[in-house]
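Asks: predicted model and sequence follow; I will ask about them next.
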Amino acid sequence: MLGSGLKKKLKLTAVAVTKGKLGAEGDSFEVMINPAGFSRTLGICFSEDQAQGAIGSEQKFTRVSPDKLSFDIVMDGTGVVEVTDPDDVKTQVKNLRAVVSRYEGSQHDVNVVKVLWGTTLFYGRLDTLEIEYTLFKPDGDPLRAKVKLSFTEFLSKEEEVKKKANESPDMTHLIEVMAFDTLPALCRKIYGDDAYYPDVARINNLVNFRRIEPGTRLRFPPLR
């Protein structure tokens with residue numbers, strides 16, 4: 001974990017997403033005071049198969065969850081922190097929100113945020129932004145704020161498939177088809193791309209992939 005003694009300031013940059021891939025970088029926000037630290041959470045998801053009448057259940061690996069990154073930053077408008085042409089706290093909050101929670105109308109999505117601090121580089125979308133104002137002017141304007149930020153990792157489709165292949169102990173899935181399931185949709189769920197459905201159809205000897213009877217069990221092996 002990186003400490004607060006880094007000379008480089010933590011920098012947040014808005015990044016556009018085009019067709020599921022990272023695109024051009026936009027506005028940036030550089031913190032006034034580096035965080036004292038940050039936390040990064042990794043998770044693995046399991047499904048539980050429990051036979052009727054059984055007491056226990058068997059956990060089966062399903063996927064690796066996206067990483068989560070969270071940290072706190074302080075915004076100061078008292079003048080204690082020496083910064084050239086410092087913005088007031090309200091302006092700092094406005095500038096931060098413009099970077100971390102901008103809605104891209106052309107993509108109908110919220111932009112990705114690049115978090116860069118020393119050797120740490122993380123791309124993710126904002127989960128939560130919590131602002132706690134702790135000091136005020138006599139007229140009520142805030143002089144200091146503590147901001148808690150949490151992000152969920154962004155992965156392109158190609159990166160997601162690669163991560164599954166690298167971190168999954170067994171990428172071969174045996175799926176029971178449910179009512180209204182389609183082969184392209186199942187491929188999108190397993191591989192992150194519905195373009196694999198002809199390969200899966202061939203592997204499972206499907207004559208008509210458009211009409212699969214509910215209850216049919218299909219194999220989805222590694223394809224990369």
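Replies: Received the coordinates, thanks.

Asks: per-domain residue ranges of this structure.
Replies: 11-156, 171-220 (automatic domain parsing).

Asks: I'd like the ones you listed as JSON lines, with mean pLDDT appended.
Replies: Shown next, in JSON lines, are the domains of the chain (pLDDT from 0 to 100):
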{"stretch": "domain 11-156", "mean pLDDT": "86"}
{"stretch": "domain 171-220", "mean pLDDT": "85"}
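
Asks: a markdown table for those, including mean neighbour count?
Replies: Placement of C-beta: from N, CA and C, glycine included. Listed next are these as a markdown table, based on neighbours: other Cβ atoms under 10 Å:
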| stretch | mean neighbour count |
| --- | --- |
| domain 11-156 | 14 |
| domain 171-220 | 14 |
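
Asks: what is the helix or strand where residue 188 lies packed up against?
Replies: Using DSSP states H and E, residue 188 maps to helix 183-191. Counting contacts by 3 or more Cβ pairs under 8 Å, 6 or more residues apart in numbering; DSSP states H and E, helix 183-191 packs against strand 173-176, helix 197-203, strand 217-220.

Asks: in JSON lines, list the ones you listed along with distance to residue 8.
Replies: Shown next, in JSON lines, are the helices and strands packed on helix 183-191 (distance: least, Cβ to Cβ, whole Å):
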{"stretch": "strand 173-176", "distance to residue 8": "43"}
{"stretch": "helix 197-203", "distance to residue 8": "46"}
{"stretch": "strand 217-220", "distance to residue 8": "44"}
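
Asks: can you tell me which of those comes nearest to residue 130?
Replies: Minimum separation from residue 130 across the helices and strands packed on helix 183-191 (Cβ to Cβ) falls at strand 173-176, 37.9 Å.

Asks: paired strands for the closest one, with orientation please.
Replies: Using DSSP bridges, strand 173-176 pairs in its sheet with strand 217-220 (antiparallel).

Asks: centre of the chain to the strand it pairs with, how far?
Replies: Taking the mean of its C-alpha atoms, strand 217-220 sits 28 Å from the chain's own mean (Cα atoms, centre = their mean, to the nearest Å).

Asks: helices or strands up against the strand ranked longest in the chain?
Replies: Secondary structure assigned by DSSP state E gives strand 120-136 as the longest strand of the chain. The contact analysis (3+ Cβ pairs under 8 Å, 6+ apart) places strand 120-136 against strand 68-76, helix 89-100, strand 112-117, strand 142-153.

Asks: of the ones you listed, which is nearest residue 38?
Replies: strand 68-76 (3.7 Å).
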